[in-house]
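S.K.: structure here, sequence nowhere to be found:
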């Protein structure tokens, strides 16, 4: 039995043998719009990520031996395929972290999009929390639990996973640095720090993780993802999601008195959310691009002159840190970690401190080794992603459109080296 769940939901285990066959093996028809659960080992299935690209998914070069051991332990959890017996569900979107964060290596992104929903009326967004908004869970351990987008919803959005490479460096950038950088941006494109209540520390912090900058720390990020995406309860999110908000139906499958599933290891004292946070914290940033060429040097200048660098800040600095591998480092993330009004490119979902039109500036490092692009994967090329920028990004998009064909190629060549 998994050590994190000493009693593993007594009410749930009576059903999970049959339920797991339904959700993971027999693959019966599911409601329209839902991807059928995939059997482990099948192409694109849990435990079968794309082959790693050289230089991605490594531990920070300056990590100590102890930190490397923490990274390895967390990597094991990141790749573990969960089952109902180990706490999967009752609602979930996939069975392991690496299924969604797999390209170009574990910790990256993928085409696996989730659905967000809500309702906007008279300009006010309602997350439909009572109906288990804003995240639709695509799978369940039993047919009766499968969710649907409620009829009350009039806003839906797709989101692909955000890459996690260098996440510890992003976490180590002081709040004050992010806030100060905002004041230096041109007023026409000035972003703002998304202030969120960090569930891990209980403090108000500058959000920096997720498409809406809805999380400030990797511990809160890992705890939320383990609970919402895989369905495992933990000390920060101790309650299982109720299907379409139906608590009575949930109680038929999960005892209200069931213990939290993610229990600390008796030897280390660390829970899975701690180990996952350690793995992400120690993930090295994407490897640097090749040697500069005349084309990429010209492209770098165009990156500035078109206004891209105003929001995609080339570097920010970390502050003092208990880990020497993270302390006082220059972080070439190409993001200000602020949220901006992106107009029509906003996803229509308000989350954390971000409004329906606001999105976090996506870090561009590693851009040449991933795709598709933008929050919903709508852009198949970097060029299309630039052209799709709207709101505070519209001026840069227009400036790119005004470049000559050779200048566009130079800019794209530079972006490919990040």
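M.R.: Arrived safely. Because the structure is a prediction, the values reported are computed rather than measured. Residues are numbered from 1 along each chain as shown.
S.K.: okay, now the unreliable bits of the stretch 51-200 of the chain?
M.R.: The model of the stretch 51-200 of the chain has pLDDT under 70 over residues 51-52.
S.K.: okay, strands next: where are they in it?
M.R.: Here the stretch 51-200 of the chain has its strands, by DSSP state E, counting those that start in this stretch, at 91-92, 114-121, 124-126, 135-136, 139-140, 155-159, 195-197.
S.K.: which of those is buried the deepest?
M.R.: strand 91-92 (a mean of 26; mean count of other Cβ atoms under 10 Å). Using the backbone N, CA and C atoms, a C-beta is placed for each residue, glycine as well.
S.K.: that older thread, now the strands of the stretch 51-200 of the chain as TSV including distance to residue 352?
M.R.: TSV is the format used below for those (distance: least, Cβ to Cβ, whole Å):
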stretch	distance to residue 352
strand 91-92	21
strand 114-121	12
strand 124-126	12
strand 135-136	13
strand 139-140	25
strand 155-159	14
strand 195-197	5
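S.K.: residue 331 is nearest to which of these?
M.R.: strand 195-197 (20.3 Å; Cβ to Cβ).
S.K.: what segments of the stretch 301-418 of the chain are strands?
M.R.: Using DSSP E, counting those that start in this stretch, strands in the stretch 301-418 of the chain cover 316-317, 330-331, 339-341, 358-360.
S.K.: who does the second one pair up with?
M.R.: Strands flanking strand 330-331 in the sheet, each with its direction: strand 316-317 (antiparallel) (DSSP bridges).
S.K.: so what's the residue nearest the centre of the chain up against?
M.R.: For the chain, the residue sitting closest to the mean C-alpha position, by Cα atoms, centre = their mean, is residue 162 at 4.1 Å. Residues near residue 162 by Cβ atoms under 8 Å, 6 or more residues apart in numbering: 109, 209-211, 362.
S.K.: and residue 230, which of the strands of the stretch 51-200 of the chain is closest to it?
M.R.: Of the strands of the stretch 51-200 of the chain, the one closest to residue 230 (Cβ to Cβ) turns out to be strand 91-92, at 5.2 Å.
S.K.: that closest one pairs with which strands, parallel or anti?
M.R.: Going by DSSP bridges, the partners of strand 91-92 are strand 139-140 (antiparallel).
S.K.: centre of the chain to the partner strand, how far?
M.R.: 20 Å (Cα atoms, centre = their mean, to the nearest Å).
S.K.: again, but for stretch 99-107
M.R.: 11 Å.
S.K.: ditto for stretch 394-409
M.R.: For stretch 394-409, the distance to the chain centre is 29 Å (Cα atoms, centre = their mean).
S.K.: what lies in contact with it?
M.R.: Against stretch 394-409 from outside (Cβ under 8 Å, 6+ apart): 188-189, 295, 298, 302, 305-308, 310-311, 343, 383, 386-390, 411.
S.K.: identify each buried residue in that stretch, please.
M.R.: For stretch 394-409, the neighbour count (16 or more other Cβ atoms under 10 Å) marks 394-397, 400, 407-408 as buried.
S.K.: wait, doesn't residue 367 sit right on residue 415?
M.R.: Yes: if you go by Cβ atoms under 8 Å, residue 367 and residue 415 touch, sitting 5.5 Å apart.
S.K.: now do the shared contacts for these two.
M.R.: Common neighbours of residue 367 and residue 415 (Cβ under 8 Å, 6+ apart) are residue 382.
S.K.: where does the nearest residue to residue 390 once chain neighbours are set aside land on pLDDT?
M.R.: Distances taken as Cβ to Cβ, 6 or more residues apart in numbering place residue 343 nearest to residue 390, at 3.8 Å, with adjacent residues excluded. Residue 343 is assigned 98 on the pLDDT scale.
S.K.: surely residue 343 is in contact with residue 357?
M.R.: Yes: in this structure residue 343 lies within contact range of residue 357 using Cβ under 8 Å: 6.1 Å.
S.K.: what sits against residue 307?
M.R.: 186, 189, 395-396, 399.
S.K.: what about 10 Å?
M.R.: Counting by Cβ atoms under 10 Å, 6 or more residues apart in numbering, residue 307 touches 186, 188-189, 392-393, 395-400.
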